[in-house]
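Enquirer: I would like to see how this sequence folds:
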Amino acid sequence: MKKNSQVRQLLIGIVSLVMLLVVSVLPVKAATNHNGADFTTSAKVTNGPDFKHADTIDIQYKLDFGSTPIHNGDTITLDLPANLKAKTPGDTFDVLDTDGTVIGKAVVSDGKVVMTMNAALEGKTNDKLTVNLATKYRGEDSGEKDVIFNLKGNQTSTSVINLVINDANLSKKGTLQDDGTIKWTILVNRQEITMKNLEITDTIGDYQEMIHGVTVSNAYWVDTTNYKREKPAMTAADYKITYTDQGFTLKFNDTVSNLVTIDYDTKVTDTSLIDSGYKFRNKAIMTWGGGTSGSKHSEEANGKVSSSNGNGAVGGGDNNEGNGNENNNGGDTDGVETSEEEEDDTTGTIDVDGGTEAAAEEAAREDKAGESVANQAEKKPVKKAKAKKAQVKAAKVAGVTATEHPSKTVAKANKKLPQTDDHINGIAVLSGSVVLVVLGSAVIIRRHF
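Expert: Below you'll find the predicted structure:
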């Protein structure tokens, strides 16, 4: 009886080994890396046509995969036009079906977006996809520019935008932080003109609570779109601030002739709104002049911040169940596209290295200007700029619109990315491990037989 039991165990081990060997040599379909341009039927800029360099440029792609199936693990890569860059590199978002089902995950980098699809589209045909992305202009030049998108069949489409110089004296932006607060930054005297009796009144929007304490810093331009704060920050001797339930009023004691930043925080009072895409708003008004110098001047800046970065995708395909004629029209919706006019929600510039210069940078900047660090320390916190920033006025192109039209065929092919065999290698390694275990078991059985 014992001998028959051992024979059965050996047979079971042999059969298991044979089945494992058969499975391990069967071909495993690798995920396909699709070049999105091969399936893009149209692409365009959806807002504008006039943009300041820090403005968000919204773009949209429409893809139609026709008879090409989309499988679990497949990736779809869309390259941005050469003169645009992602507004928020590193952003991730869900790719949705029209009923809200997640059909993939997308990751945005500086110049492209990669969507990794899941099994939700398995078995469907005529898959379509609409992708909306938030971008910014890549460069500092101004004027009318062509934004060129690659389409299927080596075709292209072109949207025309117009880059204009930001001549505002005041701007602001907000940044949502992980602790449920919003950091607001106001750029004061962007054009570095002489401002007497300078006063800033800031009013926070709904669902925010003012956190007392502001940081006011002299700043300087690194280039046309980047700035740094000088250190140390100003002190209470340089300005007077009065807080209200809705914000604050800040008055400078001395004439201001250079760029100044004002940083402060607000607390979100309804945290459920943070991840909902709700737009938290803020408003600043700057006045200067008056007195014996004449009438007062005034300028206003509005800012907003949201958990949504402006990126999204909606798609789907024909459901082949039943007669196969049911269509969810997944590619016919624009998804997250909105007709809302975008406000000037940025400072128009970028903080460099967190916005504060290092000691070495400070010394180099002062030496370049012909000043010693010792002399600089004796200066008032609010000081007159040595040289007024050149005023650049861009000629605004009248009647420019964001349009889309096919151009001549480009004499280069949009190659598909090579397939990956990662899945095959993974199966092979796993199968090899199991084979060793089974073989070891067979040897043990044989030795006791």
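Enquirer: Only C-alpha atoms from now on, for both contacts and neighbour counts.
Expert: Fine.
Enquirer: can you give me the strands in the stretch 201-350 of the chain?
Expert: Under the criterion DSSP state E, counting those that start in this stretch, strands of the stretch 201-350 of the chain are mapped to 208-210, 215-221, 226-229, 239-244, 247-252, 260-268, 280-289, 296-305, 312-319, 326-327, 350-356.
Enquirer: Is Ile14 in a helix, a strand, or coil?
Expert: Under the three-state scheme (DSSP: H, G, I helix; E, B strand; the rest coil), the conformation of Ile14 reads as helix.
Enquirer: neighbours around it, how many?
Expert: For Ile14, the neighbour count with other Cα atoms under 10 Å is 16.
Enquirer: again, but for Pro232
Expert: Pro232, neighbours per other Cα under 10 Å, totals 13.
Enquirer: what do you get for Asp254?
Expert: The burial count for Asp254: 17, using other Cα under 10 Å.
Enquirer: So, low pLDDT: which residues of the stretch 151-300 of the chain?
Expert: 291-293 (pLDDT under 70).
Enquirer: returning to that earlier point: tabulate the strands of the stretch 201-350 of the chain (CSV), appending distance to Gly153 and mean neighbour count.
Expert: CSV is the format used below for the strands of the stretch 201-350 of the chain (distance: least, Cα to Cα, whole Å; neighbours: other Cα atoms under 10 Å):
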stretch, distance to Gly153, mean neighbour count
strand 208-210, 51, 20
strand 215-221, 45, 20
strand 226-229, 40, 20
strand 239-244, 61, 14
strand 247-252, 56, 19
strand 260-268, 49, 20
strand 280-289, 43, 20
strand 296-305, 39, 18
strand 312-319, 21, 26
strand 326-327, 26, 14
strand 350-356, 38, 14
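Enquirer: Quick one, which of those gets closest to Gln177.
Expert: strand 260-268 (9.7 Å; Cα to Cα).
Enquirer: can I assume Glu140 is in contact with Thr224?
Expert: Yes: counting by Cα atoms under 8 Å, Thr224 is a contact partner of Glu140 at 7.2 Å.
Enquirer: all helices of the protein, in order?
Expert: 2-25, 359-368, 373-377, 422-448 (DSSP state H).
Enquirer: among these, where is the model least confident on average?
Expert: If you rank the helices of the chain by mean pLDDT, helix 422-448 sits at the bottom with a mean of 34.
Enquirer: Okay, now stretch 211-229: how far is its last residue from its first?
Expert: Taking Cα to Cα, to the nearest Å, stretch 211-229 runs 21 Å from one end to the other.
Enquirer: whoops, I mixed them up, stretch 298-313
Expert: 41 Å.
Enquirer: Please apply the same query to stretch 54-72.
Expert: 38 Å.
Enquirer: again with stretch 181-197
Expert: This stretch, stretch 181-197, spans 31 Å end to end (Cα to Cα).
Enquirer: Can you list the buried residues in that stretch?
Expert: For stretch 181-197, burial by neighbour count (16 or more other Cα atoms under 10 Å) applies to 181-182, 184-197.
Enquirer: ok, now which ones touch the closest residue in space to Thr158 that isn't next to it in sequence?
Expert: Once flanking residues are discounted, Thr158 sits nearest to Ile148: 4.6 Å by Cα to Cα, 6 or more residues apart in numbering. Contacts for Ile148 (Cα atoms under 8 Å, 6 or more residues apart in numbering) come out as Pro81, Ala82, Thr156, Ser157, Thr158, Ser159.
Enquirer: What of Glu199?
Expert: Contacts of Glu199 by Cα under 8 Å, 6+ apart are Thr249, Leu250, Lys251, Phe252, Met286, Thr287, Trp288.
Enquirer: Okay, Leu129 and Gly312: tell me how far apart.
Expert: Counting by Cα to Cα - Leu129 and Gly312 are separated by 11 Å.
Enquirer: Then Val164?
Expert: For Val164, the distance to Gly312 - Cα to Cα - is 27 Å.
Enquirer: Contacts only, for Asp94.
Expert: Neighbouring residues of Asp94 by Cα under 8 Å, 6+ apart: Val102, Ile103, Gly104, Lys105, Ala106, Gly312, Ala313.
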